[in-house]
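# this is a predicted model, with the sequence first.
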Amino acid sequence: MSSHIIDQLCDEFQKKTVTIDQVKTFCDDIYLQLNQNKDQNNINFITPVVNIFQSLKKEQINDSRILDHSLFIILRDVLISLLDIHRNKLPMDKLAKNISSLFNTMIFKFVNNNVEIFKRLLLHKPLIDQFSEYINKCVDNLLDISDESVEVLNNLLSAYENLIRKRTDIQDNPLMTILFETVVKCFSSHYYEKMLNDIGKQTEMNIREELFFERCPYFIYQCRSQHRRYLLNDCRKILLPLFNKQLPFNQVNKPVIATIGSICALIFVRAYVMMNNNTFYDQYEKLLTHLLQMLHNTNQNDSTNIQLIKELVEQLANFISFEQYFGKMRELKASSLFLSIIDNTQDEYTHFQIYRILAAILTEKDIKTLALPDKIVRIFLGKINDIINNIHSEEPLDNILIALKSLVQHDQIKAEIVKQQGLPLLIRCATEPELIKQAEGTQLSLEILLALTFNTEAFNYIKNNSLFLEELKKVRMSTDDDGKRFAEGIFWKLEEEKKPIQVIPSPSHDQYDIMISYCHRNKDLCHDIYDRLVNDGFRVWLDRENMFGSPMDAMAHAIENSQYVLVCMSDAYKQSPCCQLEANYAFQRKCPMIPLVVTPRYRPDGWLGIITSGKIYIDIPKLTMDTAYVNLKNEIDAYRKQKKQTKEPSSQKIISTHDSASSELTTSKILPTTEPISNVQQTVIEYSNCIDEWNNDHVRSFLIEKQLTGLLPVVTGINGRVLHMMYSMCIKSPESMFDRLKADTTTEHPLNMSTYLRFLHEIK
């Protein structure tokens with residue numbers, strides 16, 4: 001056989017008005033000619049055939065009779081031969097490029113309807129073996145390979161990427177594992193590091209950069225096989241230090257932006273275990289710092305920089321699922337940086353990603369000094385309203401609710417949600433089937449509503465909404481465990497508010513030494529504390545093992561029957577309304593509390609800061625677990641000694657109205673004060689230990705003696721019972737009450753947070 005016959009068949013075919021039947025006949029004729037001369041090298045006759053297929057229109061080839069034709073098996077075998085030949089002689093000829101391009105085009109257009117055909121064509125061991133060997137050879141000789149060689153790699157990787165997309169059965173094929181592992185090795189090449197160092201020197205990527213900074217990362221990104229975790233971890237171990245070494249990029253252009261996106265895609269996808277792993281924490285923290293540094297240095301004056309800002313913000317949003325990085329973001333003043341970007345850019349998508357980040361990292365101080373609570377709440381409620389009204393939203397409902405769940409920890413946000421009529425929207429999210437489906441259950445909306453019950457207006461709205469409470473009862477009786485937990489919490493909160501606050505009497509024989517109050521996101525460290533305490537003979541309550549009946553009743557039972565409560569503080573703990581219920585319950589009943597910091601750089605504020613004020617924090621990440629545990633046991637011993645001493649008879653005489661020696665309540669003493677109030681007589685009369693027995697003079701005396709004179713303008717004319725009521729209101733809504741009391745004090749001597757916290761500490 002000579003090339004003449006093949007050429008003649010191709011020429012005749014090109015002159016026809018091509019139909020599917022004619023394409024089929026052409027394939028049959030070519031296949032027959034090639035099979036009749038198996039002893040000859042088919043490579044010499046294939047080029048015109050490939051050219052014909054590349055010229056065909058979609059409808060002329062999109063037929064299983066064509067795609068499944070044995071002629072394509074011959075083309076594949078020719079490609080295998082070419083890969084083998086050129087593996088030892090690197091310059092690749094045009095035919096291999098054209099065959100790989102043909103396969104890529106075919107599979108890109110037609111894979112959905114013909115998966116089995118392409119599996120037979122491409123999941124072929126000799127092809128994958130030769131392709132893997134060729135990748136290794138090219139990576140080791142990157143500077144010597146031709147552009148055609150790079151195009152072959154690009155075409156075949158693209159073809160396999162389209163074949164495996166969302167098809168785990170194919171990805172689990174052992175042949176694909178070989179290919180995945182081969183591509184991962186590309187990242188460890190010394191040429192890869194050199195190319196990364198040079199990225200951005202040109203305004204467009206060359207084909208080598210496209211291969212290594214786009215095609216290879218996204219090929220691995222598509223992996224969903226059973227080996228995915230190990231493959232991704234291998235990538236991250238290579239890429240994290242390498243990427244950090246090159247960051248921040250000084251040159252900003254399209255190649256740099258594309259490279260940041262593709263490499264970060266691998267670094268962050270399914271990275272939960274690694275980002276929580278101390279071994280990789282430093283590398284991820286460095287990456288966070290570099291991305292923020294690039295964002296800070298980016299001018300917002302052209303389309304390229306705007307695109308870079310969008311990319312950087314999108315990658316930084318990956319950190320909001322990992323609270324151990326919040327402290328670093330606050331330390332680097334990320335909140336003010338993000339707010340300045342909002343003021344200077346118009347991209348709605350970027351704005352929303354920033355608000356998602358801010359929702360996670362804003363502190364109480366930020367809310368009051370930097371952010372605009374009304375604007376933030378308006379944006380989130382607006383997006384929920386759009387979804388309810390079937391207006392297209394780029395963000396799914398669950399993402400919106402996750403961000404709002406973080407924000408609602410702040411009292412000012414709670415107040416704004418109520419003010420902007422957000423409660424009816426959230427109730428709809430928790431009760432309407434379509435919205436429940438979009439939010440992936442009732443958990444998020446009910447958790448937000450539970451947090452809102454700490455706002456008086458929201459509490460009353462929910463309490464009086466009989467239709468919602470009926471729906472809530474259904475959730476309470478359902479099999480939705482997460483939804484049930486928050487429904488139970490709402491009902492428990494409503495019932496508890498009806499009961500008077502009672503101080504728990506200290507039983508002579510506590511059932512538990514310690515109750516651990518923690519957020520399940522911090523469970524690994526908290527379970528470690530539990531195990532250490534149990535091993536040292538402590539009787540410890542932790543809901544991993546001790547839950548029974550109603551979760552809320554079990555929690556209350558544990559607090560009432562424990563000597564001490566360990567409060568495991570973190571961003572997640574403060575954001576959790578269930579944790580707030582626990583901590584408030586223990587605080588209101590004066591149960592001794594030992595605060596532990598369980599995530600790096602965390603400092604409590606808001607309601608948690610008030611509850612733990614005046615106490616020594618044990619900072620576990622700062623001290624290491626072993627040292628922190630020794631400190632914890634010392635703190636427990638100190639509490640026990642203090643408790644033992646308070647049980648001994650006091651030598652101090654208690655003055656009562658029934659004591660003849662002190663029947664005259666005019667006995668007074670002058671005490672110094674650090675907060676002088678004009679026209680206030682700094683005299684103190686004796687008062688009993690029972691606050692409810694005090695008159696207004698006793699109230700004034702108490703404040704003067706405790707150096708709390710900043711509160712004197714607030715308590716004019718009130719007795720001990722009213723002061724007790726005011727204290728209870730402060731415990732229920734500490735931040736909003738601080739703002740109210742501050743507004744009632746004088747402008748010359750305004751109430752400060754220090755005085756407020758000391759008041760709560762002294763009166764309890």
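Okay, I see it.
# any idea which helix or strand of this protein has the worst average confidence?
Ranked by mean pLDDT, DSSP states H and E, the helix or strand of the chain with the weakest confidence is strand 668-670, at a mean of 33.
# tell me where the model's unsure across the stretch 151-300 of the chain.
Within the stretch 151-300 of the chain, the stretches with pLDDT under 70 are 300.
# ok, which stretches of it are helices?
Per DSSP state H, counting those that start in this stretch, the stretch 151-300 of the chain carries helices over the ranges 168-171, 174-186, 190-198, 207-210, 216-221, 228-246, 254-268, 272-275, 278-297.
# in the helix ranked longest in the chain, what counts as buried?
Across the chain, the longest stretch assigned as helix under DSSP state H is helix 625-647. The neighbour-count check on helix 625-647 (16 or more other C-beta atoms under 10 Å) flags A628, Y629, N631, L632, E635, I636 as buried. (C-beta placed from N, C-alpha, C; glycine too.)
# swap in stretch 415-427?
Within stretch 415-427, judged by 16+ other C-beta under 10 Å, the buried ones are A415, E416, I417, V418, Q420, G422, L423, L425, L426, I427.
# which residues touch the residue lying closest to the last one once chain neighbours are set aside?
With sequence-adjacent residues excluded and distances taken as C-beta to C-beta, 6 or more residues apart in numbering, I427 is closest to F468, at 5.1 Å. By C-beta atoms under 8 Å, 6 or more residues apart in numbering, the residues touching F468 are I427, A430, T431, I462.
# now with 10 Å, please.
L423, P424, L426, I427, R428, A430, T431, L449, Y461, I462, I490 (C-beta atoms under 10 Å, 6 or more residues apart in numbering).
# could those be laid out in a markdown table, adding secondary structure?
Shown next, in a markdown table, are these (DSSP: H, G, I helix; E, B strand; the rest coil):
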| residue | secondary structure |
| --- | --- |
| L423 | helix |
| P424 | helix |
| L426 | helix |
| I427 | helix |
| R428 | helix |
| A430 | helix |
| T431 | helix |
| L449 | helix |
| Y461 | helix |
| I462 | helix |
| I490 | helix |
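# which regions of the stretch 601-750 of the chain sit below the pLDDT cut-off?
In the stretch 601-750 of the chain, residues with pLDDT under 70: 645-684, 746-749.
# what segments of it are helices?
606-611, 620-623, 625-647, 696-705, 720-732, 734-744.
# helices and strands around the fourth one, which ones?
Here helix 696-705 touches strand 668-670, strand 683-685, helix 720-732, helix 753-763, going by 3 or more C-beta pairs under 10 Å, 6 or more residues apart in numbering; DSSP states H and E.
# quick revisit: and of the helices of the stretch 151-300 of the chain, who's closest to S81?
helix 174-186 (18.9 Å; C-beta to C-beta).
# hang on, the earlier thing: and which of the buried residues of helix 625-647 is nearest to R532?
Y629 (5.5 Å).
# list the contacts for the closest residue to N465 other than its chain neighbours?
Of all residues not flanking N465 in the chain, I427 sits nearest, at 7.0 Å (C-beta to C-beta, 6+ apart). By C-beta under 10 Å, 6+ apart, I427 lies in contact with S445, L446, L449, Y461, I462, N465, L467, F468, E471, L472.
# one more: L723?
691-692, 694, 696, 698-699, 702-703, 711, 714-715, 759, 763.
# just the closest of these to S321, please.
F759 (38.0 Å).
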